[in-house]
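Asker: Sequence first, predicted coordinates after that:
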Amino acid sequence: MHLNSITTEALLEANDLAHTIVDVIANKKAANVVMLDMQNLTLLADYYILCDGTSKRQIDAITDALLEDLKKAGTRKVLVEGTAESGWVLVDFGSVIVHIFSPNKRAYYQLEDLWQEAPIVVRML
């Protein structure tokens, strides 16, 4: 398990942060991107974003881009758990939680089914 924290002064609003994250992961060619609005379902985060990386290298690239680009955009605290080797990396921006999966791990855990009541804000295949 890998933990990393980043501290900066500015703080993005949850909606802006979530859309910025979608842009970053789309630029890294993530597949099956889904943003779920969790505001009325849980206190853990306002949005969950799920995506697939087709290889360990791509999962690492998506994770690294998120950390680098969002630090520049003004995130103040980020926690990273998991590794590309495990097939699941979780990046917690506080109000937005990003799940970067291998296709096999995503199919196994089926988080979309777990949170099926959540409105889908963005879906990119």
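Answerer: That came through fine. Bear in mind the structure is a predicted one, so any value in this text is a computation, not a measurement.

Asker: packing partners for the helix ranked longest in the chain?
Answerer: Across the chain, the longest stretch assigned as helix under DSSP state H is helix 56-73. Where contact means 3 or more C-beta pairs under 8 Å, 6 or more residues apart in numbering; DSSP states H and E, helix 56-73 is packed against helix 14-27, strand 88-92, strand 96-101. All C-beta atoms are positioned from the backbone trio N, CA, C, and that covers glycine.

Asker: repeat that for 6 Å
Answerer: Here helix 56-73 touches helix 14-27, strand 88-92, going by 3 or more C-beta pairs under 6 Å, 6 or more residues apart in numbering; DSSP states H and E.

Asker: what about the nearest residue to residue 95 once chain neighbours are set aside, neighbour count?
Answerer: Spatially, and ignoring its direct neighbours in sequence, residue 95 is nearest to residue 14 (3.7 Å; C-beta to C-beta, 6 or more residues apart in numbering). Neighbour count for residue 14, taken as other C-beta atoms under 10 Å: 18.

Asker: now do residue 29
Answerer: Using other C-beta under 10 Å: residue 29 sits among 12 other residues.

Asker: Which residue, other than its chain neighbours, is closest to it?
Answerer: With C-beta to C-beta, 6+ apart, the residue lying closest to residue 29 is residue 58, at 7.1 Å.

Asker: separation between that neighbour and residue 17?
Answerer: Separation of residue 58 from residue 17 (C-beta to C-beta, to the nearest Å): 22 Å.
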